[in-house]
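# after the sequence you'll find the predicted model.
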Amino acid sequence: MLLHFIFVIDKDDLGKRTWEFEYVKEMGRFYKKWIKDTFSRDVEVQCDEMVTPKQSLLQRLDISTLTQDHRARGEDIFHFYLCHFRPMWTDCTCEGYYAENFGMTLWVKPKDKDDILFLAQKNCTTVSHELSHEFLRQNKVKKHVELVHDVWLKHTFSDLPFVQYDKNSERTDTAPYFMTLDASSFG
Ligand SMILES: [Zn+2]
């Protein structure tokens, strides 16, 4: 299976977010391993950028824009959109959305260049949330929605720490490069 991350950026940001896209590519390599370790699934990973044109208020970018793109690219590919806009509607407890072979999250733009910790804490974590939903669903795990949201609630309100990994995708207690939800309860 191909997991295709698509970094969706505003036209005005073209060429200005290269270091973030470099992180996205490293994150893709990390998630290939994490998905294998966590869900016993082999995926190939591809990463690309996509530029969105300026939108008027009447034609705001939303999930429907992305699902059209997903269909056009091929529905047998898992497309995961890292977006500069949030989903207008979602069942999720984070700013993301998923469906069959489809994921999207709000990718928050850091204030400071090279703030890897911000990317790990703010963006990498929500990606793990939506990936968990879809791989648990595909693996036919019962109550998969509750499983993810229960652990997310603990991260948000009960001081459960996110799991930290270094640049080589190994667990670390210091200077994390990637961070995910705690998947230990997924069985
Ligand atoms: Zn969710």
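Good, I have the coordinates. Note that the structure is predicted; figures quoted are calculated from it, not measured.
# mind listing the strands for this structure?
2-10, 44-52, 78-83, 96-99, 102-106, 163-165, 178-180 (DSSP state E).
# in a markdown table, list the ones you listed along with mean pLDDT, distance to residue 22 and mean neighbour count.
C-beta here means a position set from N, CA and C on the backbone, and glycine is covered the same way. Compiled in a markdown table, the strands of the chain are given as follows (pLDDT from 0 to 100; distance: least, C-beta to C-beta, whole Å; neighbours: other C-beta atoms under 10 Å):
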| stretch | mean pLDDT | distance to residue 22 | mean neighbour count |
| --- | --- | --- | --- |
| strand 2-10 | 96 | 10 | 20 |
| strand 44-52 | 95 | 10 | 15 |
| strand 78-83 | 98 | 13 | 24 |
| strand 96-99 | 97 | 22 | 22 |
| strand 102-106 | 97 | 18 | 24 |
| strand 163-165 | 98 | 17 | 19 |
| strand 178-180 | 98 | 14 | 23 |
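# dump those into TSV; add distance to residue 90 as well.
Shown next, in TSV, are those (distance: least, C-beta to C-beta, whole Å):
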stretch	distance to residue 90
strand 2-10	16
strand 44-52	19
strand 78-83	12
strand 96-99	4
strand 102-106	9
strand 163-165	23
strand 178-180	19
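# number of nearby residues for residue 173?
If you count neighbours by other C-beta atoms under 10 Å, residue 173 ends up with 8.
# I'd guessed it sits against residue 164; true?
Yes. When contacts are counted by C-beta atoms under 8 Å, residue 173 is listed as touching residue 164 (6.7 Å).
# for residue 99, give the beta-bridge partners.
With DSSP bridges as the criterion, residue 99 is bridged to residue 102.
# who touches the residue nearest to the spatial centre of the chain in this structure?
Among the residues of the chain, the one closest to the centroid is residue 127, at 2.2 Å (C-alpha atoms, centre = their mean). If you count contacts by C-beta atoms under 8 Å, 6 or more residues apart in numbering, residue 127 has them with 27, 31, 80, 82, 96, 103, 105.
# what bits of this structure have low per-residue confidence?
55-59 (pLDDT under 70).
# among the strands of the chain, which is nearest residue 72?
Closest to residue 72 of the strands of the chain is strand 78-83 (C-beta to C-beta; 10.1 Å).
# if we can go back for a sec, and the gap between the residue nearest to the centre of the chain and residue 72?
Going from residue 127 to residue 72 by C-beta to C-beta, to the nearest Å gives 23 Å.
# tally of neighbours for residue 39?
Neighbours of residue 39 (other C-beta under 10 Å): 19.
# next one: it from residue 185, what distance?
Plainly put, residue 39 is 13 Å away from residue 185 if you go by C-beta to C-beta.
# roughly how far apart are residue 142 and residue 186?
For residue 142, the distance to residue 186 - C-beta to C-beta - is 11 Å.
# and these two? which has more neighbours close in?
Legend: neighbour count by other C-beta under 10 Å for residue 142 and residue 186, higher for residue 186 (17 against 7).
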